[in-house]
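J.: Following is a predicted model, sequence given first.
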Amino acid sequence: MWMISLGLADGVAVAADRSTGREVFVQNCALCHVHGVAMAPRVDNQTEWEPRLSLGRQALLNAVLRGKGGMPPKGGNASISDEQAAAGLDYMLEAITGQTGQARVAKRR
Ligand code: HEC
């Protein structure tokens, strides 16, 4: 599997059992959603997410699977499964709602 290098490796230990969602996020979503590329809502910006979170997880998942606006289906990687895309979404939602510090870790660069 190919990987977009975002320089995340230094100092970040990836726990094997949590790795799927995080890996999907880092490899397929972080590019746009950490820095707000193509006007993507940023993971550390609650204001940008509030109206979207109220749509509910299923609607957000549909947007990820089918694409929406500047976001291609599955973030542009057709080779990931629906389940992997969902794991990436869940990882992202966790980060957005502040339940982990991982998004901030990802932003360190
Ligand atoms: C090429 C840049 C790009 C990539 C890669 C990308 N997104 Fe997005 N994403 C966007 C943009 C732009 C929007 C805003 C779309 C809009 O509302 O018009 C968006 C919106 C979203 C939304 C909100 C959808 C809604 O209905 O409001 C979610 C959830 C989301 N992305 C999750 C993901 C996940 C999960 C991944 C990785 C699998 C990902 N994105 C990869 C650019 C990207």
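T.: Sure, I can see it.

J.: Would you pull up the residue in this structure closest to the ligand?
T.: With Cβ to the nearest ligand atom, the shortest gap between the chain and the ligand falls at Gly69, namely 2.1 Å. C-beta coordinates here come from the backbone N, C-alpha and C atoms, glycine included.

J.: what's whichever helix or strand Leu61 is part of in contact with?
T.: Counting by DSSP states H and E, the element that carries Leu61 is helix 57-66. The list of residues contacting helix 57-66 from outside it, by Cβ atoms under 8 Å, 6 or more residues apart in numbering, reads Arg52, Leu53, Met71, Pro73, Lys74, Gly75, Asp82, Ala85, Ala86, Gly88, Leu89, Leu93.

J.: Let's have these in a markdown table, adding neighbour count and distance to Pro41.
T.: Compiled in a markdown table, the contacts of helix 57-66 are given as follows (neighbours: other Cβ atoms under 10 Å; distance: Cβ to Cβ, whole Å):
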| residue | neighbour count | distance to Pro41 |
| --- | --- | --- |
| Arg52 | 15 | 6 |
| Leu53 | 14 | 10 |
| Met71 | 19 | 10 |
| Pro73 | 14 | 17 |
| Lys74 | 21 | 17 |
| Gly75 | 23 | 13 |
| Asp82 | 11 | 21 |
| Ala85 | 20 | 17 |
| Ala86 | 19 | 18 |
| Gly88 | 27 | 15 |
| Leu89 | 21 | 13 |
| Leu93 | 18 | 12 |
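
J.: near the ligand too, which of these?
T.: Applying Cβ under 6 Å from any ligand atom to the contacts of helix 57-66, one finds that Arg52, Met71, Lys74, Gly75, Ala85, Gly88, Leu89 fall near the ligand.

J.: In terms of pLDDT, where does the third one sit?
T.: At Lys74 the predicted local distance difference test score is 97.

J.: Which SSE is immediately downstream of the helix holding Leu61?
T.: Stepping forward along the backbone from helix 57-66, the first helix or strand reached (DSSP H and E) is helix 82-96.

J.: Now do that following helix, average pLDDT.
T.: When pLDDT is averaged over helix 82-96, the result is 92.

J.: now for that helix, which elements pack on it?
T.: Packed against helix 82-96, as judged by 3 or more Cβ pairs under 8 Å, 6 or more residues apart in numbering; DSSP states H and E, are the following elements: helix 19-24, helix 46-53, helix 57-66, helix 102-107.
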